[in-house]
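In: Model the following, please.
(2 chains)
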Protein chains: 2
Amino acid sequence: MRTYSFADIGSDSLYEHLYKCIRTDILQGVLHAGEKLPSKRSFAKNLGISIITVENAYGKLMEEGYIFSLPKRGFYVTDFKDSITKKKPAPQEAIPLTGGEQGYLADFSSNQTPASLFPFTIWAKLIREELHNKQKELMTNPPYGGILPLRQAIARHLQEFRGMRVSPEQIIIGAGTEYLYGLLVQLLGMDKRYAVEDPGYRKISQIYQSYSVACHFISMDEMGVCVNNLEEKNINVIHISPSHHFPTGIVMPISRRYELLSWASKKEGRYIIEDDYDSEFRLSGQPIPTLQSIDVSEKVIYMNTFTKTLASTIRISYMVLPPHLVQTFYKNLSFYSCAVSNFEQYTLARFIEEGYFEKHINRMRTYYHHKRDAVIHAIYNSPLKKYVRISKEDAGLHFLMEIKTPHPDREFVNLLKVSGIKLAPLSDYFMQKTEGAEHIYVMNYSSIEQEKIEEAVQIIYKYCKCSPYSC
Amino acid sequence: MRTYSFADIGSDSLYEHLYKCIRTDILQGVLHAGEKLPSKRSFAKNLGISIITVENAYGKLMEEGYIFSLPKRGFYVTDFKDSITKKKPAPQEAIPLTGGEQGYLADFSSNQTPASLFPFTIWAKLIREELHNKQKELMTNPPYGGILPLRQAIARHLQEFRGMRVSPEQIIIGAGTEYLYGLLVQLLGMDKRYAVEDPGYRKISQIYQSYSVACHFISMDEMGVCVNNLEEKNINVIHISPSHHFPTGIVMPISRRYELLSWASKKEGRYIIEDDYDSEFRLSGQPIPTLQSIDVSEKVIYMNTFTKTLASTIRISYMVLPPHLVQTFYKNLSFYSCAVSNFEQYTLARFIEEGYFEKHINRMRTYYHHKRDAVIHAIYNSPLKKYVRISKEDAGLHFLMEIKTPHPDREFVNLLKVSGIKLAPLSDYFMQKTEGAEHIYVMNYSSIEQEKIEEAVQIIYKYCKCSPYSC
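Out: Modelled structure (predicted):
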C-alpha cells in the first residue's frame, strides 16, 4: 500500500499534507488514471493517522476533481489526461531580448533620443512631488481619455504652438501612436478602406494590415498625396503627415490641404488622420496651419506624440477628435481604460504646465540644428561633397542625400554596414514602384555622435566612388 | 491698395512679416479666392520697402500654395476653399472629464486600490534611483515584449508563486490586459471564433466585439465552462478565469482543466486564454495548478496583471505565450513598440526582484482578509443576517450574497443607489439567460471604508425587507 512520510510537513495540517502528496503523485503520473486508492480505513491504519484525516484529504481531492468515488466500491483517480496530444518541439528562431541596435559607428537609419538630452533632474523632481502630494489622484481611475490636467495642458500647448483651438474632451491620451491607430480602426470601422502615403512609414500600413482592414497606398506628387488617387481607390480614411512628410520631407502646401478637406467633406465617413509627429522640430520657415485648425467639416483627426519630443521610451501620444467623433468614442469605446499610467500622466501635465516642455523643445531644437549643421558641414568639407546633393534639410530630423555611386541601393547599404555605417535608402519606403528613388538616402542625423561624424563621412566617401568590383 | 503696418514686427524680417500679414488675410477671407494682389513694384512703393522684400514674401506664399502667378498678368489668391461643406453642430452629450465615481457611502460594484495601501515611499525611492543610475537604459528602445529585467523578474515570480516554468521570451508586457487582448486578436486571427464565459466580465466581450470578431457566450456549470458547448459552437479561442471565476467565484477543478486541454489539443488553432487576474488574493485553500503549467500541447496563453496587485492606475499586464506562438508573434507583430514606459518597467522590475512585490501582496492579502471578515462580521451581527446567504467568500476580492427581498434586482439596485449604496446584481453579468441569478449580488468589498461598513449594512437591511410599495 502507498506510504507517505509525515516527517516534513511544515505548517500544513495532516490532511493537507496527505492531500498534497496524493495530488503530486496524480499530476506526475505515479498514480494512474482509473487506479483505485486505498480504502479510508486501511490507508489510515497504514499511515498511522485518523480515518477523518484521510476522509478530509479524499474530500478535497474529489472537490477539485483529482479523484472520484463509486458508491460501495471506493475512490479512483480521475482519467483526465487521456486525449491530450503533446506538441512536438519545432525548430525555434532566436528572439532578441535586449533593445537598441548596438555596434554601429553611425546609424543614420533611425532617431533615438540621446540619453544626455532628457531632463532627468526635472522629471525626477516632478515625479517625486507628485508621488508625495497627489496620492489620492494617482490611485483614482482616470476617464478613458486620460486625466483632465494633462488634456488641459495639451490643449493649451496646441493653442500656443499650433494655433489650434481644441477642448480637453476632444483629446484622447494613448500609449503611443500605434495604440491610437488601433483605437481609430475600432472607432471608424473595420469595414472602411484605409490608405497611407507611398512612400511612407511602413509601420502604419503594417498596423492596418495586422487588423485585417483594407489598406491602400496613395502615390505622392511634389505637394503630397494625390487627391484623385483617393477618389479612384474609393478611400474612406487617409493617413497623412502634412507638416513634414517622412521620408520625402515634403511640406504640404495650403492649396493641397484644402483640396484634401474638400475631398473629405464630399462624403459621409471620409476622414483625414493628420499625423503631426515632428512639427516641433521645424528648423526654419513659418509653419503652415494644421488641417485640423482649418477644418470646418469635422473631418480631421489630429495626432501627435511625446515619443519624439520627450523620449521614445515614454509611451505617451494623443489624438484630437472632431466633436461628433468625441460622441461616438464615448458611446462605443469608453469602456476602455486609459492605457497610460497615472504617474506619468500627472508628471507630464506638470512638465508642460510649468514651461519645462517648451524649454525642452527649444533645447532639443538647438541641439538638432547644430547636429544637422555639423553633419552637413562635414559632408561639404570632405571630398564626398562632389558626389552628393542634399535636400529637404529644413524640416524635421532628417534630410535627403542623393549619392552619385555605381552601387545599387541594397549593395551600397551592405557595403557600408560592414564598416559600421547604417543607411536607409529612400526606396525602402516605397510600397509600389520606386522609380526616381534610387541612390537617395534618408539621413536621420539626430543620434549620430559628434566625434564620429567626420569618420562616418569618410567611410561613405570611400565606398561611394569605388567600383562594384574594387571594394 | 492694401497697406500693412511694419511697426510691430518683433524679431521677424520684413519679408516674413509681410508674408504673415498676407497669409492671415487669405486664411480669414479678407483676401478672396481669385483676387489679384498688387504688383511687386507698386506694393513695394506703397509700403516703403524694397521690391526684393515683396518678391520674397510672394515667393514664400507661392511655395506654400496660398497664391499663384499667371505669366505677365500678376499674382492671385488661390481658390482652395471652394467646395467644403461646413458641419452643422449636433446636440452633444456631456462627457465626464474626471475619473472615479464619487459620492457613494459604499460602492460594492468595483474594486479600487485604496491609496493608503500603495507603497509610495518605496516606489519613489526606486524610481529616483533608476532615473539616476540607468539613464542610458531608460532611453534605449526595449524589444517589443518589454525590457529583459522585468520579464526575468516575472518569470521568477511565476516560478515561485504559481510553480510555472516559463522563459523570459515567452513573456509579453503590455499596457493593461485590454491592450493584450487587442494583440491576441491580431496574433490568433480576426477570422477565429472567440468565446467568453457566461456569466463573466462584460468588458472582454465588448473588446472582441469592438474588433468585429465573432464572440460567443459559453454557459457554465458548477465546474466552469461547459466543454460540449465549445464543440457545438465550433469555438477556436476560449477565454476563461479558472483560478477564480468572476463573478461566480467558481474555482475550476483539475478534471475540467484537463477536459479543456483535451478539447484544445484536438484541433489546430484552438487556444485557451487563461486569465489569472486575481490568483494572488486567494484567501484560503490550496492553489490548483494553472492550465499553463499542465499544458503539454502549447494551447494555453496565460495572462496576468499588476493592475489588481499594485494599482489599477499603473497599466502593466503581461501574457505568457506557448513557444510556437512566441515565434509567430516575433514574425508578425514584433514591429510594435512595447506600450509600457521604460521608466515604470525598470522600477517594477526592481520592485519585484528586491522582494517588495511579495511583501506588498502579503500586506494586501492581510488587508483584504480583514476587510472581508469585517464586512461579513457586520452582516452576521446585524438583522440583515436572516435575509442573506453568503457564498464563495474564499477566493478573490468579492463574495456572493443572496438577499431575500421582494424587489427585483434592478429595482433593489435603484432603491439602494439613492441611499448611497452601489450594488452589482449577479444577473448583470449574464449575457444570455439569467435564471437562477436573481437576488444574488456580487459584493466587491475591497474599497469599502472600515467606518462605513456598519451603516452600509443597515441601509441594505432597511430596503431588503420593505415591500415595493412601502419604501
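In: What residues does the stretch 151-300 of chain A have near chain B?
Out: Contacts of the stretch 151-300 of chain A with chain B, taken as Cβ under 8 Å from any Cβ of the partner chain, map to A:151, A:168-169, A:175-176, A:178-179, A:182, A:186, A:190-191, A:202-203, A:206-207, A:210-212, A:223, A:251, A:253-259, A:261-262, A:265-266, A:285-286, A:288-289, A:294, A:296-299. C-beta here means a position set from N, CA and C on the backbone, and glycine is covered the same way.
In: Show the buried residues in those.
Out: A:151, A:168-169, A:175-176, A:178-179, A:182, A:186, A:190, A:206-207, A:210-212, A:223, A:251, A:253-259, A:261-262, A:265, A:288-289, A:294, A:297-299 (16 or more other Cβ atoms under 10 Å in any protein chain shown).
In: Okay, now the unreliable bits of chain A?
Out: Within chain A, the set of residues satisfying pLDDT under 70 comprises A:81-83, A:100-102, A:113, A:282-287, A:395, A:467-471.
In: any idea how far the top strand by length along chain A is from the chain center?
Out: Of all segments of type strand in chain A, defined using DSSP state E, the longest is strand A:214-221. Taking Cα atoms, centre = their mean, to the nearest Å, one finds the center of strand A:214-221 at 22 Å from the center of the full chain.
In: partners of that strand, with directions?
Out: Next to strand A:214-221 in the sheet, as set by DSSP bridges, lie strand A:193-198 (parallel), strand A:224-225 (antiparallel).
In: Mind putting these into CSV with mean neighbour count and distance to residue A:51?
Out: Rendered in CSV, the data for these read as follows (neighbours: other Cβ atoms under 10 Å in any protein chain shown; distance: least, Cβ to Cβ, whole Å):
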stretch, mean neighbour count, distance to residue A:51
strand A:193-198, 24, 70
strand A:224-225, 26, 82
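In: So which elements touch the longest helix along chain A?
Out: Ranked by residue count and defined by DSSP state H, the top helix of chain A is helix A:356-380. Packing partners of helix A:356-380 (3 or more Cβ pairs under 8 Å, 6 or more residues apart in numbering or on different chains; DSSP states H and E): helix A:306-309, strand A:388-391, strand A:398-403, helix A:453-465.
In: Minimum distance to chain B: which of those has it?
Out: Counting by Cβ to the nearest Cβ, chain B lies closest to helix A:306-309 out of these; the figure is 8.1 Å.
In: Return the list of helices and strands in contact with the closest one.
Out: With 3+ Cβ pairs under 8 Å, 6+ apart as the test, helix A:306-309 has helix A:356-380 packed against it.
In: Pull the contacting residues for residue A:438.
Out: Contact analysis of residue A:438 by Cβ atoms under 8 Å, 6 or more residues apart in numbering or on different chains lists A:408-409, A:425, A:427.
In: just checking, which of those belong to helices?
Out: The members of the contacts of residue A:438 that map onto helices under DSSP H are residue A:409.
In: Out of the contacts of residue A:438, the closest to residue B:310 would be?
Out: Nearest to residue B:310 out of these is residue A:425 (Cβ to Cβ; 45.3 Å).
In: give me every residue that touches that closest one.
Out: By Cβ under 8 Å, 6+ apart, the residues touching residue A:425 are A:409-410, A:412-413, A:437-438, A:440-442.
In: Residue A:26 too?
Out: Residue A:26 neighbours (Cβ under 8 Å, 6+ apart): A:61, A:66-67, A:77-78.
In: re the thing from before, please identify the buried residues of the longest helix of chain A?
Out: For helix A:356-380, by 16+ other Cβ under 10 Å, it's A:356-357, A:360-361, A:364, A:368, A:371-372, A:375-376, A:378-379.
In: nearest spatial neighbour of residue A:105, skipping sequence neighbours?
Out: Spatial nearest neighbour of residue A:105, excluding adjacent residues (Cβ to Cβ, 6 or more residues apart in numbering or on different chains): residue A:420 at 3.4 Å.
In: Look up phi and psi at that neighbour.
Out: phi 90, psi 10 (degrees, to the nearest 10).
In: Which one, of the strands paired with strand A:214-221, ends up nearest to residue A:462?
Out: With Cβ to Cβ as the measure, strand A:193-198 is the member of the strands paired with strand A:214-221 nearest residue A:462 (33.2 Å).
In: Contacts for the closest one next, please.
Out: By Cβ under 8 Å, 6+ apart, strand A:193-198 touches A:185, A:204-205, A:208, A:213-220, A:224-225, A:230, A:233-241, A:245, A:430-432.
In: which residues touch the spatially most central residue of chain A?
Out: The structure's chain A has its C-alpha centroid closest to residue A:178; by Cα atoms, centre = their mean the separation is 4.8 Å. Listed by Cβ under 8 Å, 6+ apart, the contact set of residue A:178 reads A:203, A:207, B:336-337, B:339.
In: I'd guessed residue A:250 sits against residue A:222; true?
Out: Yes - Residue A:250 lies in contact with residue A:222 (Cβ atoms under 8 Å); the separation is 6.8 Å.
In: tally of neighbours for the closest residue in space to residue A:2 that isn't next to it in sequence?
Out: Distances taken as Cβ to Cβ, 6+ apart put residue A:38 closest to residue A:2, at 6.4 Å, once the chain neighbours are dropped. As a burial measure, residue A:38 scores 17 neighbours (other Cβ atoms under 10 Å in any protein chain shown).
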